[in-house]
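# This is a predicted model, with the sequence first.
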Amino acid sequence: MGTLRGTLQKLRDQLDHFLISLAKLHQQWPFDQLPVLDDPTATAARQAELDARIITTEATRNERKQWLNQLLDR
């Protein structure tokens, strides 16, 4: 009976550790995005932010391509 109690306590400790790890995981990306995905307004706002970042990044890329082409005399 003592062995069973020890095994049961060990399993409970492992389960507690697992549940804590799972809770920490849910606080990280992409799981932390679930509230945004459930809210259409927040989703649209986030999409607009990402679209703006894409436009800015593409503009920077195009400028750098032009500089590179000028350096290579193309």
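Cool, the structure landed.
# Is Leu50 within a helix or a strand, and which one?
Element membership for Leu50 (DSSP states H and E) is helix 40-71.
# and the helix or strand of the chain with the lowest mean pLDDT, what does it pack onto?
In the chain, no helix or strand scores lower on mean pLDDT, DSSP states H and E than helix 34-37, which sits at a mean of 86. Where contact means 3 or more Cβ pairs under 8 Å, 6 or more residues apart in numbering; DSSP states H and E, helix 34-37 is packed against helix 40-71. Placement of C-beta: from N, CA and C, glycine included.
# who does the helix it packs on touch, helix- and strand-wise?
So helix 40-71, by 3+ Cβ pairs under 8 Å, 6+ apart, packs with helix 34-37.
# what residues does the helix it packs on touch?
With Cβ atoms under 8 Å, 6 or more residues apart in numbering as the test, helix 34-37 has contacts from 42-43, 46.
# Quick check: which element contains Asp73?
Assessed by DSSP H and E, Asp73 sits outside every helix and strand.
# And it, how close does it get to Lys65?
14 Å (Cβ to Cβ, to the nearest Å).
# Domain-wise, how is the chain divided?
The record's domain split for the chain, according to automatic domain parsing, is 1-35, 39-74.
# Make a markdown table from these and add mean neighbour count to it.
Formatted as a markdown table, the domains of the chain follow (neighbours: other Cβ atoms under 10 Å):
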| stretch | mean neighbour count |
| --- | --- |
| domain 1-35 | 9 |
| domain 39-74 | 10 |
